[in-house]
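**Student:** give me the fold of what follows.
(3 chains)
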Amino acid sequence: MARSLSPRRKLITTLSAWTVALIIFFPVLWMILTSFKTEPSAVAMPPQFLSADWTLENYVEVWARSDYPRFFWNSVVISVGSTLLGLAFAIPAAWAMAFVPGKKTKDLLMWMLSTKMMPAVAVMIPLYLLFLKLGLIDTKIGLVMALMLMNLPIIIWMLYTYFKEIPGEILEAARMDGAGLWNEIIHVLTPMALPGIASTMLLNIILAWNEAFWTIVLTTTKAAPLSAFIASFSAPQGLFYAKLSAASAMAILPILILGWFSQKQLVRGLTFGAVK
Amino acid sequence: MTKTLRALMGATALVALSGAAMAETTITVATVNNGDMVRMQGLMDDFYAKHPDIKVEWVTLEENVLRQNVTTDIATGGGQYDVITIGTYEVPIWAKQGWLESLNDLPADYDVDDLLPAIRGGLTVDGNLYASPFYGESSFVNYRKDLAEKAGITIPDAPTWDDIKKAAAAMTDTANGIYGICLRGKAGWGENMAFLTTMANSYGARWFDENWVPQFDQPEWKAVMTDYVELLTKYGPPGASNNGYNENLTLSLQGKCAMRMDATVSAGSLTDPAQSEFADKVGFALAPDAGLGKRANWLWAWSLAVPASSDAKDAAKTFVNWATNKDYIALVASKEGWRNAPPGTRTSLYSNPEYAALPFAKMTIDSINAADPTNPTVKPVPYVGVQFVAIPEFAGLATSVGEIFSAALAGQKTVDEALAEAQALAVSEMTAAGYIK
Amino acid sequence: MSTQSSRLAARLMVAPSVAVLLIWMIVPLAMTLYYSFRLYRLISPERTGWTGFTNYVWFFQSPEFWLAMGNTLALVGGVLAITVVLGLLIALLIDQPVKGQGILRILVIAPFFVMPPVAASILENLFMHPQNGLFAAIAMGFGAQPILFLQDYPMLSVIGIVSWEWLPFSTLILLTALQSLSSEQLEAAEMDGASAFNRFRFIILPHATRAITVVILIQTIFLLGIFGEIFTTTQGGPGSASTTLPYMIFKQAIAAKDIGRAAAGGIIAVILANIVAYFLMRGIGRHLDA
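**Tutor:** Take a look at the predicted model:
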């Protein structure tokens, strides 16, 4: 929607957009600022902005106290692994449902979503026992599978929506040109679906990255990701907000950087100049 | 079989044996993220120097999360942990289930007789020690001496509830953000119910009578709840129904609580100038009584235990001995000062003149000694435990009762309504659990 | 393009997903169903056996139950209303060609990167706290009494926290939908003198309908299961004022360690969720075909 605006409207739009964005972002900003304060300064009243005791001490301590690189690596493997595996299952399924819809397609989609309806705590013990029997407790492969299955319905749904946006005429045209099914997927569909796939991927990496129930219940040391890292800094005895903020900032930073690099891809969305 | 072959095989076996002896045993240790435990992780060089054949993997988690994970593991026989950190409430219950390894065979240098009798008693079942205390605590009163002076009052070392009420009223200065008293209001068996149960003990109230019939319909409980709600609504910080241990500690460190009743273990933070600008103005007193012979103080020990499902019990016990030995306390003291030594576990610590010189040492040991888990109440009860009832159903029941009481504190219910609800709930749960026939 | 062969190919492509999800659904569901009729307390394993409908009866007789049902619906409805309406407005705003669009979008999405328990803890302690929070400081700056968020407005506070977490999700999905709207169409409408409201009402809204439907459906599923934020902040209280059905189950599973009751609660929650989903599909499901 790249339209040109009058300068005055542009100014108003810019100002309001930035105001809204800063309000939404403010708690994150405040958390990051807090991570550079000393603990007493973090809870000082009135809140301290410029007069705060600034320090890097929290980061030093958080780094020294836990094996951050290991938690980080586990988070990467689990979130990326489960997302890629999920895409491998979901792309064909969503493609089929979007382009060859049957009478039951909607019911099937809804049923898939319904597999997520069981509250996690209710199945905690059954699933734990299952994982124990299968020897999957505290393994990355176990978590990759669990998170993949947990998010698969979401991945399929999102892809389905994006694929639905791709106009059938393009496919028809490609077919007229004599392209086979495989060619059709590789050369016609994939380029058009890429932005959708990319944003689905990013969203699911974030969902998996932030999952903080199963990743803690099903791990101890070897496969424990950043959610467990965070849980070791929240609510100990005494002041902890600055350290919790530092730990959180360290947990967010990688995904924030990923978001930064992929946001263009992410929000470019589906722009099919060809037809529309 | 030829001689050479036999010799060869023998040699191989020898190599295999020595290989096994040299091989590292890895143990997984689950701890809460409290300061004393975190400090231990920084002192591991000492352990590795003494025991190069044992490697320790840490699982450090916030208390609630840790409890959830450890309970799940131990109850399902998961065997993920070799050393677990559990409290005085869990030890007797889990020991009876056969989930814990007895620690009677710790080496002589462990010096089991040096453990504080009250703490040791809580971790012993049928004469067997099932967990080794890492740090122990009771509860007491901490207050700002400067505010007491300004208000023209003195808080006796062994106050009564009347003293506390007067002091709270005198020191409250809402206009300047000073609250006369901070007590736990957040719902939970380890939060508001820990405090309220000790307060009830001192008021002559009890959870159950000898036949496990809940007693919330008795006048003693009404007195407890009336005073509790009145104290906090008149003199406490606004929003007290959401304040737990941490929230009140934060307010105390900021000097906003003129007086607070909570765990003795927080004395280390309160007197630490790096954490509080009021560190040199903190006074301590025993938890109050109502003249009935019981003080409102609890008894708790975060302790290390070895699950029966562990496959490295010997290495686990070696670690437990190292972490809870006198030598470890001395190690902490030499590296980080006596203030930071894990408190409340050993007699020898309190007879050490350097430690006894700390402002909170005597009050802590007196508080611990004043708690009696086997005889916690004025009237007889069928249970042990000071701020808890050592039955498996307690955690769930007390959390629900705690919610009802926090609603009373928030003004959503009257004291009478809350007590009636708590009574009905407790009767139905105790009946369902088979205690009331 | 639905030939016989393409239908077969489509089935084969859907089959693996269906198969794994079927296993993933049936095994835990069967185990939960089994436990829901059992007496199973984690800490007292010696007391065991079939209990019929006792666990279910406990839920229905609990004085908290109906309140919790109401709170669950309030949480889902409240968060959906806030995130969809605000999400659409924000998506429209940051879709405009303004300066620093890239940074702007990252700022808006940022809350989604914060782990839910941390988000709840930070908002509770650094913002809503009646003595140390930023909101209290602002209130006192105006000479007003700080609002006791968690004590006096527990459900609204939880809704606020969860909405902040989920706002980026809806904004992102809706933004992606807006991207595919052709600008010619909007410009043409503007030339014809259509007011901003009418352009929104007759062009943008219909175009975004499917995206809104997806946001509602996906978020509903997530929101129906929320308990972590409640545990971190209000603990379901004061009293039961902010207890939802999942939080009730959480208390049975985690505090009371009563696996049987938690399982029965899980079954009730699944049934409830299916009822909600059924009405949702009847209400808005047709937009999926658009």
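**Student:** hey, let's count contacts and neighbours off CA atoms from now on
**Tutor:** Will do.
**Student:** so what does the host helix or strand of C:Ser17 touch, helix or strand wise?
**Tutor:** Using DSSP states H and E, C:Ser17 falls within helix C:4-36. Helix C:4-36 makes packing contacts with helix A:68-99, helix A:124-133, helix A:140-165, helix C:259-284 when contacts are defined by 3 or more Cα pairs under 8 Å, 6 or more residues apart in numbering or on different chains; DSSP states H and E.
**Student:** hmm, the second one in reach of chain C?
**Tutor:** What it means is helix A:124-133. Yes - between helix A:124-133 and chain C, judged by Cα under 8 Å from any Cα of the partner chain, the touching residues are A:Ile125, A:Pro126, A:Leu127.
**Student:** please state the offset of that helix from the chain centre?
**Tutor:** 26 Å (Cα atoms, centre = their mean, to the nearest Å).
**Student:** tell me which other helices or strands that helix touches.
**Tutor:** helix C:4-36.
**Student:** hmm, back to that, dump the residues of helix A:124-133 next to chain C to JSON lines, plus pLDDT and neighbour count.
**Tutor:** Formatted as JSON lines, the residues of helix A:124-133 next to chain C follow (pLDDT from 0 to 100; neighbours: other Cα atoms under 10 Å in any protein chain shown):
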{"residue": "A:Ile125", "pLDDT": "88", "neighbour count": "25"}
{"residue": "A:Pro126", "pLDDT": "90", "neighbour count": "21"}
{"residue": "A:Leu127", "pLDDT": "92", "neighbour count": "22"}
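**Student:** the residue in the stretch 251-400 of chain B that chain C sits nearest to - how many residues pack around it?
**Tutor:** Nearest residue of the stretch 251-400 of chain B to chain C: B:Gly396, at 3.6 Å (Cα to the nearest Cα). Close neighbours of B:Gly396, defined as other Cα atoms under 10 Å in any protein chain shown, add up to 21.
**Student:** surely it and C:Ile259 touch.
**Tutor:** No - counting by Cα atoms under 8 Å, B:Gly396 stays clear of C:Ile259, with 12.0 Å between them.
**Student:** so who does B:Glu403 touch?
**Tutor:** B:Lys186, B:Ala187, B:Gly188, C:Gly237, C:Pro238, C:Gly239, C:Ser240 (Cα atoms under 8 Å, 6 or more residues apart in numbering or on different chains).
**Student:** give the contact list for the residue of the stretch 1-150 of chain C found nearest chain A.
**Tutor:** For the stretch 1-150 of chain C and chain A, the shortest gap (Cα to the nearest Cα) falls at C:Val14, measuring 4.1 Å. Going by Cα under 8 Å, 6+ apart, C:Val14 touches A:Pro92, A:Ala93, A:Ala94, A:Ala96, A:Met97.
**Student:** where's the nearest residue to A:Ser248 once chain neighbours are set aside relative to B:Gly385, distance?
**Tutor:** Distances taken as Cα to Cα, 6 or more residues apart in numbering or on different chains put A:Ile230 closest to A:Ser248, at 6.6 Å, once the chain neighbours are dropped. Using Cα to Cα, to the nearest Å, one gets 33 Å for the distance from A:Ile230 to B:Gly385.
**Student:** between the two, which one's more packed in?
**Tutor:** A:Ile230 (25 against 21).
**Student:** how is that one assigned, secondary-structure-wise?
**Tutor:** helix (DSSP: H, G, I helix; E, B strand; the rest coil).
**Student:** just to revisit the earlier point, as JSON lines, the contacts of C:Val14 with neighbour count, pLDDT and distance to B:His51 would be great.
**Tutor:** Shown next, in JSON lines, are these (neighbours: other Cα atoms under 10 Å in any protein chain shown; pLDDT from 0 to 100; distance: Cα to Cα, whole Å):
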{"residue": "A:Pro92", "neighbour count": "22", "pLDDT": "89", "distance to B:His51": "55"}
{"residue": "A:Ala93", "neighbour count": "24", "pLDDT": "93", "distance to B:His51": "55"}
{"residue": "A:Ala94", "neighbour count": "28", "pLDDT": "91", "distance to B:His51": "57"}
{"residue": "A:Ala96", "neighbour count": "24", "pLDDT": "88", "distance to B:His51": "60"}
{"residue": "A:Met97", "neighbour count": "26", "pLDDT": "90", "distance to B:His51": "61"}
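**Student:** need the residues you listed in CSV (columns: distance to C:Met248).
**Tutor:** CSV is the format used below for the contacts of C:Val14 (distance: Cα to Cα, whole Å):
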residue, distance to C:Met248
A:Pro92, 39
A:Ala93, 36
A:Ala94, 36
A:Ala96, 40
A:Met97, 37
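**Student:** show me what contacts the residue most central in space within chain B?
**Tutor:** The centre of chain B sits closest to B:Trp300, judged by Cα atoms, centre = their mean, with a distance of 3.3 Å. For B:Trp300, the contact set (Cα under 8 Å, 6+ apart) comprises B:Gly87, B:Thr88, B:Ile119, B:Gly136, B:Glu137, B:Ser138.
**Student:** for it, give the beta-bridge partners.
**Tutor:** According to DSSP bridges, the partner residues bridging B:Trp300 are B:Glu137.
**Student:** what do you get for the one 5 residues further on?
**Tutor:** Note on B:Ala305: beta-bridge partners B:Ile84, judged by DSSP bridges.
**Student:** can you point out the buried residues in stretch A:31-48?
**Tutor:** Judged by neighbour count (16 or more other Cα atoms under 10 Å in any protein chain shown), stretch A:31-48 contains these buried residues: A:31-43, A:46-48.
**Student:** and the residue lying closest to B:Ala279 once chain neighbours are set aside, how many neighbours?
**Tutor:** The spatial neighbour of B:Ala279 that comes closest, neighbours along the chain excluded (Cα to Cα, 6+ apart), is B:Thr271 at 4.2 Å. B:Thr271 has 22 neighbours, counted by other Cα under 10 Å.
**Student:** go on, the one 3 residues further on?
**Tutor:** B:Ala274 is flanked by 12 other residues according to other Cα under 10 Å.
**Student:** A helix includes it, no?
**Tutor:** No - read with three-state DSSP, B:Ala274 is coil and lies in no helix.
**Student:** ok, now how distant is it from A:Leu239?
**Tutor:** Relative to A:Leu239, and taking Cα to Cα, B:Ala274 is found at 11 Å.
**Student:** cool, B:Ile54 as well?
**Tutor:** Taking Cα to Cα, one finds B:Ile54 at 33 Å from A:Leu239.
**Student:** more crowded one of the two?
**Tutor:** A:Leu239 (23 against 19).
**Student:** give me the phi and psi angles of that one.
**Tutor:** phi -70, psi 140 (degrees, to the nearest 10).
**Student:** quick check: nearest residue in space to B:Asn375, chain neighbours excluded?
**Tutor:** B:Val384 (6.9 Å).
**Student:** go through stretch B:27-36 and flag the buried ones.
**Tutor:** Result for stretch B:27-36 [16+ other Cα under 10 Å]: buried residues B:Ile27, B:Thr28, B:Val29, B:Ala30, B:Thr31, B:Val32, B:Asn33, B:Asn34, B:Asp36.
**Student:** by proximity to chain B, which residue of the stretch 51-200 of chain A wins?
**Tutor:** A:Leu132 (6.7 Å).
**Student:** per-residue confidence at residue 272?
**Tutor:** Chain wasn't specified; assuming chain A. The score at A:Phe272 is 35. That number is its pLDDT.
**Student:** wait, chain B
**Tutor:** Checking the pLDDT column for B:Asp272, the value is 89.
**Student:** before we move on, what about B:Asn104?
**Tutor:** So B:Asn104 comes in at 95 (pLDDT).
**Student:** next: C:Gln61.
**Tutor:** For C:Gln61, the model assigns a pLDDT of 91.
**Student:** give me every residue that touches it.
**Tutor:** Applying Cα under 8 Å, 6+ apart, no residues contact C:Gln61.
**Student:** and the gap between it and chain B?
**Tutor:** Going from C:Gln61 to chain B by Cα to the nearest Cα, to the nearest Å gives 11 Å.
**Student:** cool, C:Ala68 as well?
**Tutor:** 14 Å.
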